[in-house]
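In: I need the structure of the sequence given here:
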Amino acid sequence: MSAYRLSEVLALPAWNGSLLVVLVLLVKATLILVAALAITRIMHRGSAGARHIVWLVALATLTLVPAMTAWAPLEVGMLPAPITVAAPPQPTGATAAAGRPLQSPDIAHVAHVASPRGSIASRRVSAGSATPDRAVTAAVPLGPASFALAVWAAVTIIVLASLAWSELAVRRIVRRAHTLDAEAWRTPLLEVADRIGLEETPRLLTSAETKMPFACGLVTPTIVLPEESTSWSLERRRAVLLHELAHGRRRDLVGQILARLVCAFYWFHPLVWMAAKRLRSESERACDDLALACGTRPADYAEHLLDIVTSVRTSVTPTIALAMARRKEFEGRMLAILDPELPHTAPSRGQSAALMASLALCAGLVAAVAPVPRSAQGAPSGAVANGRGVTELAPVRQEPVASRHSESAPRATASSTAGRERTPQAIAPVRAADNAGAAPAPHVEPQQAAGGATEPAVRQEPDERPTLLAKVLRSDSSARLRRIAAWGLQEYSKSPAAADALVNAVRHDTDSSVRDMAAWSLANYDESHDVVDALSACLRTDRSEEVRGTAAWALGTIGADAAADALAAALSDTSSDVRMRAAWALGTIQPKQAPPALVAMLRDPNPEARRLAAWALFNIEDPTALPALEAALHTASDEESQMAYLRAIAVMGDKSVDAIRGLLESPDARTRTMAVRALAGGRASGPWPWPWPEPRPSPDD
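Out: Numbers count the residues shown, from 1 in each chain. Purely as a prediction, here's the structure:
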């Protein structure tokens, strides 16, 4: 082997077949994965959601590499056709009989080439053969390439079978599980779903066959909890639901299945398995970040996670499911949760789309690169390289050049003349023939244009659903049906009939559950005069405290500045729930000045109401509330209330210096940290843990 040069070894026919395709595929896959690894190493102090996008794009691109490697380079007809040459004189019968070859040695050598898709039986033409065009093929024995393909297919089938078995195991657990529909679980489920902006809540099940909570189900999202979850505290329920619902919002199960399929195809590549593991790890950390961004305290969240992991010893969650925690990756997640310097904010939709598009473009360029043999540069005259790197003889036309020019001119003249003389009546049958077999077009009516010509216009039928639902809400005798109709009208905020029916229901319906649902639906409508007046009147005079609380929440969701007076009056409501909803609405609307009743709410007997008032003042940033906040800070006995007042004080800017000065000597490290950050500027530290938004009601409640 040492006697051969490297170029001679690479020029062997075996490298022009399937082996070359496999090597190019491996090189491309390795380059993409190494680039993803380098990018995530650079982003190790950044967002876990961004790193998850990098690995997801890398694995998704690997699914396209085989096809792009096999087909590249694609033939694109952008250049002119090759110049035709006159045909060489054909040998006479006497010349052929004399034993001269029918092809020159150079042309015969060029005609025999190897295809990059596999070896082709050679065509041998002897000088004295009577049938020179007859190909002689030989049987090809089973070689190493075929054996390797069989091994790859067998292992791929095994990996896919394990994936199918895991899916069957999940379905068996779900089928035997019991539904959790108690109010103790339904309320936090709806709260968490609203908190993270999830449109549809998943099924909630409990099973004795699992010890670890997990999410599953592409078509029907499902969360399976262990039987021990019935004794969990409300905080642990929220923490677990936050994590598992975050998987549903991020569509992590799609990425998990994609990673398993890529591993089945590239089972021999160790970097692919590493990428799948990193994808899963980053998805878990991204869900942790979402839970922390929603206000969960890192220490409490880490404690819940630690208790769940340590309580599970032998239970194994199916690989296709998204378990809440695994022992192997638990240490890294704990460090990331408790590290105050790490960001816990996910990239926005625009940032995610830009990152995904740029990574997909770069990875696609790598996947589209294809080697071109250098031998095409030295091809003889009359030979061209086709789009797949194979050298072939250029086609030879035997027609005279003069005859082509003599025919082209009159043909072009006739076609151009015909094009000018064709009328719309003459074109119509042609278009009808062209569209034969196509899908039927929507109903089109002609419209008279300004110049007198007719233009087609598509007639769209109006949606009658809001009108029918509004009629049910106004006149049906069943309160249950009216409630369902009010719930359905939330989707038709642009319909005047829907708005009028909901406003009428809030003002005049005799059933409190219907008024409550109508007020909730009006939160999706714009800040019109009738909507705000109806909700404000409901907040002032409705007999049901649930309806008044929903009306306050709806006014805050709409952001109605005109409702500030009604909300300020509701701060004196006899119900603490109504007072808290009104304070939340004022903090959401953010009037220029804090109402005196909101400042006085810092002395409310309910500690949660006092913290909610501090949150509202934190958003309004009215310096006149600073003395009341300082007084509340000095009299607060629990740490949570102290942190709430400190957050509200910190946003006051230079006016809060005197209040913060004494906190720099506090023995509590977290209090000192917030005091320093308040002096440095910004909105103190991180997101506010509360308040939770109004849960999404069900029409069947």
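In: which strands and helices lie in contact with the helix or strand where Ala644 lies?
Out: Applying DSSP states H and E as the criterion places Ala644 in helix 639-650. Helix 639-650 sits against helix 607-620, helix 626-635, helix 657-661, helix 669-680, with contacts defined as 3 or more C-beta pairs under 8 Å, 6 or more residues apart in numbering; DSSP states H and E. Quick note: C-beta positions are derived from backbone N, CA and C, even for glycine.
In: could I get those helices as a markdown table with mean neighbour count and distance to Ala325?
Out: Formatted as a markdown table, the helices and strands packed on helix 639-650 follow (neighbours: other C-beta atoms under 10 Å; distance: least, C-beta to C-beta, whole Å):
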| stretch | mean neighbour count | distance to Ala325 |
| --- | --- | --- |
| helix 607-620 | 24 | 30 |
| helix 626-635 | 17 | 37 |
| helix 657-661 | 14 | 38 |
| helix 669-680 | 16 | 26 |
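In: for the helix holding Ala644, list the C-alpha coordinates in PDB.
Out: Coordinates of the C-alpha atoms in helix 639-650 are reproduced here as PDB (Å, rounded to 0.1, in the frame of the first residue of the first chain):
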ATOM      1  CA  GLU A 639     -40.200  37.500  55.100                       C
ATOM      2  CA  GLU A 640     -42.500  37.300  52.100                       C
ATOM      3  CA  SER A 641     -44.300  40.500  53.000                       C
ATOM      4  CA  GLN A 642     -41.000  42.300  53.600                       C
ATOM      5  CA  MET A 643     -39.700  41.300  50.200                       C
ATOM      6  CA  ALA A 644     -43.000  42.500  48.600                       C
ATOM      7  CA  TYR A 645     -42.700  45.900  50.200                       C
ATOM      8  CA  LEU A 646     -39.000  46.100  49.400                       C
ATOM      9  CA  ARG A 647     -39.700  45.400  45.700                       C
ATOM     10  CA  ALA A 648     -42.300  48.200  45.600                       C
ATOM     11  CA  ILE A 649     -39.800  50.600  47.300                       C
ATOM     12  CA  ALA A 650     -37.000  49.700  45.000                       C
END
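In: what are the buried residues along stretch 512-525?
Out: 513-525 (16 or more other C-beta atoms under 10 Å).
In: which of these fall within helices?
Out: Under the assignment DSSP state H, these contribute Ser513, Val514, Arg515, Asp516, Met517, Ala518, Ala519, Trp520, Ser521, Leu522 to helices.
In: now these in CSV, with distance to Asp654?
Out: As requested, these are exported to CSV (distance: C-beta to C-beta, whole Å):
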residue, distance to Asp654
Ser513, 50
Val514, 51
Arg515, 47
Asp516, 45
Met517, 47
Ala518, 46
Ala519, 42
Trp520, 42
Ser521, 44
Leu522, 41
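In: nearest to Thr30 among the buried residues of stretch 512-525?
Out: The nearest member of the buried residues of stretch 512-525 to Thr30, counting by C-beta to C-beta, is Asn524 at 50.5 Å.
In: list the contacts of the closest one.
Out: Gln490, Glu491, Ser493 (C-beta atoms under 8 Å, 6 or more residues apart in numbering).
In: how about these in a markdown table, adding secondary structure, pLDDT and distance to Arg543?
Out: Listed next are the contacts of Asn524 as a markdown table, based on DSSP: H, G, I helix; E, B strand; the rest coil; pLDDT from 0 to 100; distance: C-beta to C-beta, whole Å:
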| residue | secondary structure | pLDDT | distance to Arg543 |
| --- | --- | --- | --- |
| Gln490 | helix | 88 | 24 |
| Glu491 | helix | 87 | 29 |
| Ser493 | coil | 87 | 27 |
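In: now render the residues you listed as CSV, adding neighbour count and distance to Leu469.
Out: Formatted as CSV, the contacts of Asn524 follow (neighbours: other C-beta atoms under 10 Å; distance: C-beta to C-beta, whole Å):
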residue, neighbour count, distance to Leu469
Gln490, 18, 10
Glu491, 14, 9
Ser493, 17, 13
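In: would you map the strands across the stretch 101-250 of the chain?
Out: 178-179, 203-207, 214-216, 222-226 (DSSP state E, counting those that start in this stretch).
In: now do the stretch 401-550 of the chain
Out: Counting by DSSP E, counting those that start in this stretch, the strands of the stretch 401-550 of the chain are 444-448, 454-458.
In: where does pLDDT dip in the stretch 301-450 of the chain?
Out: Residues of the stretch 301-450 of the chain that meet the criterion pLDDT under 70 lie in 313-316, 367-450.
In: His44 is nearest to which of the strands of the stretch 101-250 of the chain?
Out: strand 214-216 (26.3 Å).
In: strand partners (parallel or antiparallel) of that closest one?
Out: strand 222-226 (antiparallel), strand 322-323 (antiparallel) (DSSP bridges).
In: give me the contact list for stretch 611-618.
Out: Under C-beta under 8 Å, 6+ apart, the answer for stretch 611-618 is 580, 583-584, 586-587, 594, 598-599, 601-602, 604, 625, 629, 632, 640-641, 644-645, 647-648, 651, 683, 688, 690-691.
In: average model confidence for it?
Out: Computed over stretch 611-618, the mean pLDDT rounds to 90.
In: so which of the strands paired with strand 214-216 is nearest Gly559?
Out: Closest among the strands paired with strand 214-216, using C-beta to C-beta: strand 222-226, at 32.7 Å.
In: tell me the angle of that closest one relative to strand 203-207?
Out: Put simply, strand 222-226 runs at 30 degrees to strand 203-207, going by axes from the mean of the first three to the mean of the last three C-alpha atoms, to 10 degrees.
In: picking that back up, and which of the ones in helices among the buried residues of stretch 512-525 is nearest Val224?
Out: Proximity of these to Val224 (C-beta to C-beta) peaks at Trp520, which lies at 30.1 Å.
In: skipping its backbone neighbours, what lies nearest that closest one in space?
Out: Leaving out its chain neighbours, the residue that sits closest to Trp520 by C-beta to C-beta, 6 or more residues apart in numbering is Thr550, at 5.4 Å.
In: so where's the stretch 451-600 of the chain shaky on pLDDT?
Out: 451-461.
In: switch the cut-off to 50
Out: Counting by pLDDT under 50, the stretch 451-600 of the chain has low-confidence residues at 451-453.
In: and stretch 158-171, what's buried?
Out: Val159, Leu160, Leu163, Ser166, Glu167, Ala169, Val170.
In: kindly report the same for stretch 239-259.
Out: 239-250, 252-253, 255-256, 258-259.
In: and stretch 34-48, by the same measure?
Out: Ala35, Ala36, Leu37, Ile39, Thr40, Ser47, Ala48.
In: just the ones of the residues you listed in helices?
Out: Assigned to helices by DSSP H, the following of those qualify: Ala35, Ala36, Leu37, Ile39, Thr40, Ala48.
In: could I get those residues in JSON lines, plus columns for pLDDT and distance to Ala275?
Out: Below are those laid out as JSON lines (pLDDT from 0 to 100; distance: C-beta to C-beta, whole Å):
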{"residue": "Ala35", "pLDDT": "89", "distance to Ala275": "11"}
{"residue": "Ala36", "pLDDT": "90", "distance to Ala275": "7"}
{"residue": "Leu37", "pLDDT": "91", "distance to Ala275": "8"}
{"residue": "Ile39", "pLDDT": "90", "distance to Ala275": "12"}
{"residue": "Thr40", "pLDDT": "89", "distance to Ala275": "10"}
{"residue": "Ala48", "pLDDT": "87", "distance to Ala275": "15"}
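In: now the residues you listed as JSON lines including distance to His304?
Out: Shown next, in JSON lines, are those (distance: C-beta to C-beta, whole Å):
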{"residue": "Ala35", "distance to His304": "37"}
{"residue": "Ala36", "distance to His304": "32"}
{"residue": "Leu37", "distance to His304": "32"}
{"residue": "Ile39", "distance to His304": "32"}
{"residue": "Thr40", "distance to His304": "27"}
{"residue": "Ala48", "distance to His304": "19"}
